[in-house]
Every structure is written in structure tokens, then in C-alpha cells.
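>>> Here you go, sequence then predicted model.
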Amino acid sequence: MRASQKDFESALRQVKLWKKDPGNEVKLKLYALYKQATEGPCNLPKPGMMDLVNKAKWDAWSALGSLPKETARENYVDLVSSLSAASEPPSPAKPAADGEQAGGDLVVTSENHITTITFNRPAKKNAITTQMYRDIMLALQAASKDDSVLTVLTGNGDYYCSGNDLTNFTDIPPGGPEEKARTNAVLLREFVDYFIDFPKPLVAVVNGPAVGISVTILGLFDLVYASDRATFHTPFSPLGLSPEGCSSYTFPKMMGPSKAAEMLIFGRKLTAQEACAQGLVTEVFPDSTLQKEVWTRLRAYTKLPPNAVRTSREVMRSKGRERLHAVNAEECEALRQRWLSEECASAVLRFMSRKAKL
Ligand SMILES: CCCCCC/C=C/C(=O)SCCNC(=O)CCNC(=O)[C@H](O)C(C)(C)COP(=O)(O)OP(=O)(O)OC[C@H]1O[C@@H](n2cnc3c(N)ncnc32)[C@H](O)[C@@H]1OP(=O)(O)O
């Protein structure tokens, strides 16, 4: 059945009412079909390599070649109707479809002298947005002053964290990609500095797979407890990137240079057991008992004399702190340059157009 102009307009209105973001892949398809249906084949000049968003849009539209306007209109209507059921708002009685809890992308709680910071973006595998980096710093600042003895980082849902949200690279400011790379480098340096300087024991409860920066900063934690479902993956080279979170220093020190190279240069993904054997993980627990066992143990640790805990930690940490700050600065500068590379731009584009996954 051919879609009429009325069907097309109704589909356009329907899309505007969607409450749930359909994801980049779908948005690019809709954009391309819309442009083809209303303007015909793409004859705009190709945007520059660093203009990630417009390049992805241009690629999607150009890929439709000389598809007739009527067919594009029909495909648009079909796509919208097939997706509409999935985009209907959840009924108020039910939890949101993606399982997000009230409290936003980051949930901070304090109980029994433990402050817990939870990544809470399960629908996006807990990828860290620019706002979340800032909120984590605020949470650490507050936790450093509250009455908690331990600070825990964990994730809600099936992932611990899928690392940096790759769409953080796509909103290019007026100063262009150079300004974006500079501000990202400043934010990253400040973020990692918070972990280097944090005055209380830091504990990660790695409830599922961990990727990128959520893995590298584990080298700055005191305890890392992992589910046997967890994996540890730092795919920097495939992304055109280089290591951060002081891992270029902490990982070789912890696991030896060649094991660190396999992870940080060649992107080998470790199981929880392998990560434990390399010293990155303190202990692995069956997924079914992780929460019970870990929280029981952590509550017992909070009963230890707090000043003794602090002093022991400080004498273990103080010697290496200056070195870690220097490493952090060096890694951020390397990344600033990497973010301006064609290798990195292509990797982000591949992810956005869903041709690539880890
Ligand atoms: C201020 C800047 C500081 C930068 C610091 C430098 C940091 C570097 C890093 O952390 S590098 C690592 C970056 N992470 C990745 O490359 C992971 C990318 N994600 C994937 O490969 C996959 O999503 C997966 C393997 C994590 C999970 O695959 P799968 O189980 O098949 O799920 P989906 O792919 O369908 O994912 C569901 C949903 O989540 C979105 N998503 C997942 N990870 C990210 C991410 N890192 N950034 C943005 N979005 C992410 C994914 O797009 C899906 O969204 P959709 O449903 O399509 O809207």
C-alpha cells in the first residue's frame, strides 16, 4: 500500500511524540528518509571528517542514492509504524521501560558509614555523560567530607559501565573540534585528579562488564570486588584513543608491562578471574551472591578504627601521588591530540552508525 502525504505527515507528528530516544541508528535512518522524501537525493558537499554529526547525517542520506521520493516517504511511514509500539510512554504504574530509577543518571546514597555512587543509565549500559563526570566529582567532594568510612562505585543493571559516552564527542562548540578536545582534556584531568586525591578508601563493586575509563580508574581504587559475569575491556586502539585514568602507569606496575600492553595497546578483554590473577581485581564472587557477600564484608570494614584506616591508607598512597598527577597530565595531553585524529573520528562515526561494536 502506498503511503499518502497525509500518512507521512502523521508519521512526522508521531515521531515528535515519542518519549524514548530511539537511538542514533534509527534517528539517522529517519533523517535520511525524511530528507530523501522531501528534497530528493543528497547533493550537498560532504562535511569535514571532524564534523561528526553532519558527516553521519550526510553519509546516511547519500547512502539512499537515487531512491524515489515516494519510496522514501513510504519507507519512513513503515519505519515509524514499526517503532511506534516500542516508543509509547510507559504507564505511570509501571517502572520506565529502561529500568531507570528516580534520581537521574547517577544515584548517591549514604548508609551505615558507606557512601555509594551508582551509575544509573542501564539503557545505555551506564555510559558516562559529561554531566555524569561532573556529578561524580561533586559526589566525591561531598563523600570526602561526610561521616562515611568507605566510598563505593557500582552500576545499576547488567553492566557496571560501558565507559565514556561516545556521543560526548559529537556536540562540537563554536571553537570547533580543537576547543572540544581541549575542554574534554581539562574535564578528564580534573576527574582523574579527584580519584588520585580522594582521602578515604575507594571500593568498586563491579556488577557486570566494564569498559574504557571505568576500567582504567580501577588502578586508583583500594578494593575491586567483581561478579564472575564482569569483564574488563580497554579498546583504546580500535577507537583511535590512548589510555587514561593513570593506567599507563598503574597497570604495568600492577600486572607487568606485557600483560598491561595486551590490555591497553591491543585491547584484550579480561574475564573477572583473569583480572583477579593480574591484580586488577581483589576478589571474584558468584554473581548470585556478590551483593550479599560484598556488602556484609564492607559493613564489617566500617567498624574498624577510622583513624587507623585513614593513616594506613595515607602512608600507602602519599609516596606515589605526585607521580600519578604527572602521569594524568601526560595521558590527557596525548588524548587531546588523539581526539583530533581521523582514526578517532572514524571510530566514533562507526559506533554512531552502528557498524561497529566492541
Ligand atoms: C570528557 C571525556 C573523557 C573521555 C575519557 C576517555 C574515555 C575513554 C573510554 O571510555 S573508551 C570506551 C568507550 N566505550 C565504548 O567504546 C563502548 C561502546 N559500546 C559498545 O560497544 C556496546 O554498546 C557494548 C559492547 C557496551 C554493549 O553492547 P550490547 O549489549 O549489544 O548493547 P547495545 O550496543 O545495544 O547498547 C545499548 C544502548 O547503549 C548505548 N551505549 C552503550 N555504550 C555506549 C557508549 N559508550 N556511549 C554511548 N552509548 C552507548 C548503545 O548505543 C545503545 O543505545 P541505543 O539503544 O542504540 O540508543
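Thanks, I have the structure now.

>>> Tell me the residues on the stretch 151-300 of the chain that lie near the ligand, please.
162-168, 184, 187-188, 211-213, 235, 239, 241, 244 (CB under 6 Å from any ligand atom). Every C-beta, even on glycine, is put in place using the N, C-alpha and C of the backbone.

>>> among these, which are in helices?
Of these, the ones assigned to helices by DSSP state H are Asn184, Leu187, Leu188, Ile213.

>>> Neighbour-wise, which one of those leads?
Neighbour tally across those (other CB atoms under 10 Å): the maximum, 22 neighbours, falls on Ile213.

>>> As a markdown table, the ones in helices among the residues of the stretch 151-300 of the chain next to the ligand with distance to Arg354 and pLDDT would be great.
As requested, those are exported to a markdown table (distance: CB to CB, whole Å; pLDDT from 0 to 100):
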| residue | distance to Arg354 | pLDDT |
| --- | --- | --- |
| Asn184 | 23 | 96 |
| Leu187 | 26 | 97 |
| Leu188 | 26 | 98 |
| Ile213 | 22 | 98 |
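
>>> and Arg310, how far is that from Thr116?
Between Arg310 and Thr116 the computed distance is 19 Å (CB to CB, to the nearest Å).

>>> The two: who's more crowded?
Legend: neighbour count by other CB under 10 Å for Arg310 and Thr116, higher for Thr116 (22 against 14).

>>> Just to be sure, that one is in a strand?
Yes. Under DSSP: H, G, I helix; E, B strand; the rest coil, Thr116 sits within a strand.

>>> Tyr225 touches Leu202, doesn't it?
No. The pair Tyr225 / Leu202 is not scored as a contact, 12.0 Å apart, by CB atoms under 8 Å.

>>> Now do the same contact list for the residue nearest to Gln141 when sequence neighbours are not counted.
In this structure, Gln141 finds its nearest non-sequential neighbour in Tyr194, 7.5 Å apart by CB to CB, 6 or more residues apart in numbering. By CB atoms under 8 Å, 6 or more residues apart in numbering, Tyr194 lies in contact with Ile136, Met137, Leu140, Gln141.

>>> Produce a PyMOL select command limited to the buried residues of these.
In PyMOL, this line selects whichever of the contacts of Tyr194 come out buried by 16 or more other CB atoms under 10 Å:
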select buried, resi 136+137+140
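
>>> Dump the contacts of Tyr194 into a markdown table; add pLDDT as well.
Output for those, formatted as a markdown table (pLDDT from 0 to 100):
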| residue | pLDDT |
| --- | --- |
| Ile136 | 98 |
| Met137 | 97 |
| Leu140 | 97 |
| Gln141 | 97 |
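
>>> And the residue of this structure closest to the ligand?
Using CB to the nearest ligand atom, Gly212 is the residue of the chain that sits closest to the ligand, at 2.1 Å.

>>> Now do the contacts for that residue.
Contacts of Gly212 by CB under 8 Å, 6+ apart are Ser162, Gly163, Asn164, His233, Thr234, Pro235, Phe236.

>>> Mind checking which of those residues are in strands?
His233 (DSSP state E).

>>> now this protein, which segments are flagged as low pLDDT?
Applying pLDDT under 70 to the chain picks out residues 1, 19, 85-103, 355-358.

>>> hmm, try it at 90
1-29, 46-57, 59-60, 76, 78-103, 167-175, 306, 345, 348-358 (pLDDT under 90).

>>> If we ignore the residues flanking it in sequence, what's nearest the residue positioned nearest the centre of it?
Residue closest to the average C-alpha location in the chain (CA atoms, centre = their mean): Ala127, at 2.4 Å. Closest residue in space to Ala127, ignoring its immediate chain neighbours: Asp165 at 3.9 Å, by CB to CB, 6+ apart.
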